[in-house]
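K.L.:
sequence plus the predicted model coming up.
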Amino acid sequence: MRDKTVLFVREFQSFSGGHLKVVNYMTHLAHTGWAKPALYLTPDSVVALADEWVPRDVERVGLTPNADMYFVAGLDWQIFDAGGLDLSGKPVINLIQHVRHSHPEDPRYAFLSRQAVRICVSQEVTDAILATGKVNGPVVTISNGLDLVELEVLRRPAPQQHVFIGGLKNPRMAAECAGLLKAAGIPTDLCTEHLPRADYLRRLAMSEISILLPHSEEGFYLPALEAMALGSIAVVPDCIGSRSFCLDGTTCLVPPYTANDICASVQTLLADLPLRTRLRSGGLAMAGTHSLIREREQFFQVLEDHFLRTGRL
């Protein structure tokens, strides 16, 4: 059955968690045994970035109408539209990674009416898009998985007693937090720039406590779960798509989204060793339930239920 092809399309401009998750699904598909992933890169993509992250055995192809299935995420529908390729009536998997798909003013909202089997990366995303009443096709939830083996290698038994601030998505707030902590004599590692993923994870793993600043809305805030898997105690304001794993007082601290409240949470942690121990243990346990193997098995079940068993492929 390896003659079956599933076409992915991507515009690679910089690394993102969204790109990483699409690549994870390419890898999952390659393990199915019944089909192979293929990738169309837009002409303006950074090829070197794709070369770094996309598995080498994924064939690069043109925008073909002859694939057996299509995998669409984010604004990928626009790439097909621009190429004159109508996916109506074709088997489509639509990976939805953000609650913004449910906002009528967002361009992704209009795509909900297109026929597809939709995989949402969190229950919060599923709830948001179903509430629109616009979804055309089945919707399933597969919570994001992590490469736990990769992260376990980086984990340190005794992280340094400083605070990592992941502020790429909110650099102003990150700088304010860094200033407050430094004024209190607390060592900090401020990060507000794009880093190679290995460098980012290394700095995260070195820190006993991590302040991670999401957008106000996310679909599934991966850095928080990565911190847990690395043994760093996360301080993460609420962003909707983190509520299933960011459990205040159990796996992390979830303060109000102000610099004063965030830094107060850090002070609380530094003054309470039993709390730090409990949260580190709770975070590690939560991360352990989000493996790529579990994600892959659930994806295989979606393929079986909605495509193979129904004879659509």
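P.N.:
Here it is on my side, so go on.

K.L.:
so what pLDDT did Ala50 get?
P.N.:
In this prediction, Ala50 carries a pLDDT score of 89.

K.L.:
again, but for Gly311
P.N.:
66.

K.L.:
which residues in this protein form strands?
P.N.:
Remark: strands assigned in the chain by DSSP state E are 4-10, 35-41, 59-60, 69-73, 92-96, 117-120, 139-141, 160-166, 188-191, 207-212, 233-235.

K.L.:
mind listing what's buried in stretch 153-170?
P.N.:
Leu154, Pro159, Val163, Phe164, Ile165, Gly166, Gly167, Leu168, Lys169, Asn170 (16 or more other Cβ atoms under 10 Å). C-beta: built from backbone N, CA, C; applies to glycine.

K.L.:
those: which two are farthest apart?
P.N.:
Greatest spacing in those, by Cβ to Cβ: Leu154 and Asn170 (24.4 Å).

K.L.:
on that earlier part again, name the nearest of the buried residues of stretch 153-170 relative to Glu105.
P.N.:
For these, the nearest to Glu105 is Lys169 (20.0 Å; Cβ to Cβ).

K.L.:
relative to Pro171, how far out is the residue nearest to the closest one when sequence neighbours are not counted?
P.N.:
Once flanking residues are discounted, Lys169 sits nearest to His215: 5.3 Å by Cβ to Cβ, 6 or more residues apart in numbering. Taking Cβ to Cβ, to the nearest Å as the measure, His215 falls 12 Å from Pro171.

K.L.:
name the residues contacting each of the two.
P.N.:
Listed contacts common to His215 and Pro171 are nil; contacts here mean Cβ atoms under 8 Å, 6 or more residues apart in numbering.

K.L.:
check what pLDDT the residue nearest to Lys169 gets.
P.N.:
Listed pLDDT for His215 reads 97.

K.L.:
and it, how far from Cys239?
P.N.:
Taking Cβ to Cβ, one finds His215 at 6 Å from Cys239.

K.L.:
more neighbours, these two?
P.N.:
Neighbours per residue, other Cβ atoms under 10 Å: of His215 and Cys239, the larger number sits with Cys239, 24 against 13.

K.L.:
next, that one: phi, psi?
P.N.:
Here is the backbone geometry of Cys239 (degrees, to the nearest 10): phi -140, psi 20.

K.L.:
that one: what's it in contact with?
P.N.:
So Cys239 contacts Pro214, His215, Ser216, Glu217, Glu218, Tyr221 (Cβ under 8 Å, 6+ apart).

K.L.:
what is the burial count for Thr132?
P.N.:
14.

K.L.:
excluding chain neighbours, what is closest to it?
P.N.:
Distances taken as Cβ to Cβ, 6+ apart put Ser102 closest to Thr132, at 5.2 Å, once the chain neighbours are dropped.

K.L.:
and the pLDDT at the one you found?
P.N.:
So Ser102 comes in at 98 (pLDDT).

K.L.:
and for it, the neighbour number?
P.N.:
With neighbours defined by other Cβ under 10 Å, the count for Ser102 comes to 21.
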